[in-house]
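Asker: sharing a sequence plus its predicted fold:
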Amino acid sequence: MSGILARYELLLPLNKRTPRLDLGEGGTPLLPLSKTGETLGIELFGKFEGMNPTGSFKDRGMVLAVSKALEEGARSVICASTGNTSASAAAYSARAGVPCYVLLPAGKVALGKLAQAVIHGAKVIAIKGDFDRALELAREIASEKKMAIVNSVNRYRLWGQRSGAWEVCDELGGFPDAVVLPVGNAGNITAWWAGFVQYARLKKGTKVPSMFGVQAAGAAPLALDSPCSYPETVATAIRIGKPVNGKRARWAVRMSGGRFIAVSDEEILKAQKLLASREGVFAEPASCAGIAGLFKLAAEGSLHPGLRVVAVLTGSGLKDPNVVLERIGHPVEVEANREALMEVMEA
Ligand code: F0G
């Protein structure tokens, strides 16, 4: 076994009756982002969660949520999703052999994520509304029909996601000074903070890192501290107006000495291009919001030089090819001869 249930057995709520699902989740690379770090004047690492089995951090929580659902006798699984949760829920449900129902905001889910949910055999339903409405419906149906809901309202989801923080500490041999994460439903930032707190109890004398949560400006109820009824952003993964874990995330951020930040779509796409073209790391737009947030902090003079910072790069860039091709364009086509080729190469 190679996944997080085996690796962190003693830190997770497992017992003899818990089935040990495993798709090899976790163990993602912690990559030095030296060029970007140098520009920002900090020691910067990217925890590349796009290397999880379904291409996002959701697998860390999903493996535990679906295992616990099986232990508790659930016959089916349901979730609402901006895409990644559905891909992960569909994969782990397929592995476990239970039916999975997925509610998505119609027309607002990246192509790769949609394909994943469909191929894993989930019943995929597009709701004519946004994610927030889809989640309300999923919660209603789950409690009526006694289905296991595997959104971040499920405490096991967030518990499993703590493992990202544990891996960072194990690999660095200590705690980073700060962590930046993109924020949508605000579950992951809460989970990472809880993970650091749990670890700090084991290793006395350590300080939990400052947590910085970054939202897209068009969907930033926490960063702007005002309700958002019509969330809109190119980073569809975090296109969320009513984060269900908002209260807990506010607490976590405040306790850690961090804050929430809003960044524009333009800043997010610029950060995505920078990571891909200068660091060789292709992460989906939402994942790059954290890096955009760091540039914002640096511009304000709020990023202390020399800090050791981890940016959580939450999902793979392969999930959302359209956002790249629409912006950067398709390759030039030439006749299949040397002259035509050289003309384009030398232009
Ligand atoms: N980054 C990516 C790539 C995501 O897919 C999500 C959330 C987040 C960041 C934000 O995490 O919600 O815990 O604050 N995606 C959810 C989904 C909502 O349905 O896939 P959060």
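Answerer: All right, it came through fine.

Asker: count the neighbours of Gly27 for me.
Answerer: Gly27: 14 surrounding residues under other C-beta atoms under 10 Å. Bear in mind the C-beta positions are built from the backbone N, C-alpha and C, glycine included.

Asker: and for Ala298, the neighbour number?
Answerer: For Ala298, the count of nearby residues is 15 (other C-beta under 10 Å).

Asker: where's it relative to Glu38, distance?
Answerer: Going from Ala298 to Glu38 by C-beta to C-beta, to the nearest Å gives 12 Å.

Asker: my read: Arg259 touches Phe212, true?
Answerer: Yes: between Arg259 and Phe212 there is a contact under C-beta atoms under 8 Å: 6.3 Å.

Asker: who has more neighbours, these two?
Answerer: The neighbour comparison of Arg259 against Phe212 (other C-beta under 10 Å) goes to Phe212, with 27 against 17.

Asker: mind checking the SS state of the more buried one?
Answerer: strand (DSSP: H, G, I helix; E, B strand; the rest coil).

Asker: the closest residue to Ser316 other than its chain neighbours: neighbour count?
Answerer: Among residues not flanking Ser316 along the chain, Gly50 sits closest, at 3.2 Å (C-beta to C-beta, 6 or more residues apart in numbering). By the criterion of other C-beta under 10 Å, Gly50 has 24 neighbours.

Asker: any weak-confidence spans in this protein?
Answerer: The model of the chain has pLDDT under 70 over residues 1, 205.

Asker: try 80 this time
Answerer: For the chain, residues meeting the criterion pLDDT under 80 lie at 1, 203-205.

Asker: so which residue is smack in the middle of it?
Answerer: Nearest to the mean C-alpha position of the chain, by C-alpha atoms, centre = their mean, lies Thr314 at 3.4 Å.

Asker: correct me if wrong: it contacts Ile291.
Answerer: No: at 11.4 Å, Thr314 does not count as touching Ile291 under the criterion of C-beta under 8 Å.

Asker: for the ligand, what are the nearby residues on this protein?
Answerer: Neighbours of the ligand within the chain, by C-beta under 6 Å from any ligand atom: 56, 58, 81-85, 152, 182-188, 237-238, 284, 286-287, 314-315.

Asker: care to break the protein down by domain?
Answerer: Following automatic domain parsing, the chain resolves into domains at 4-56+157-326, 58-153.

Asker: end to end, how far does the shortest one reach?
Answerer: So the one you mean is domain 58-153. By C-alpha to C-alpha, to the nearest Å, the extent of domain 58-153 from end to end equals 13 Å.

Asker: one more: the longest one?
Answerer: Across its full length, domain 4-56+157-326 reaches 37 Å end to end, with C-alpha to C-alpha as the criterion.

Asker: the helices in the stretch 101-250 of the chain, which residues?
Answerer: Applying DSSP state H, counting those that start in this stretch to the stretch 101-250 of the chain gives helices spanning 111-119, 131-145, 155-161, 163-172, 187-202, 246-256.

Asker: contacts for whatever helix or strand comes next after the last one next, please.
Answerer: Read in the C-terminal direction, the helix or strand following helix 246-256 is strand 259-263, with elements assigned using DSSP states H and E. For strand 259-263, contacts defined as C-beta atoms under 8 Å, 6 or more residues apart in numbering pick out 183, 212-217, 220, 222-224, 253, 289, 292-293, 296-297.
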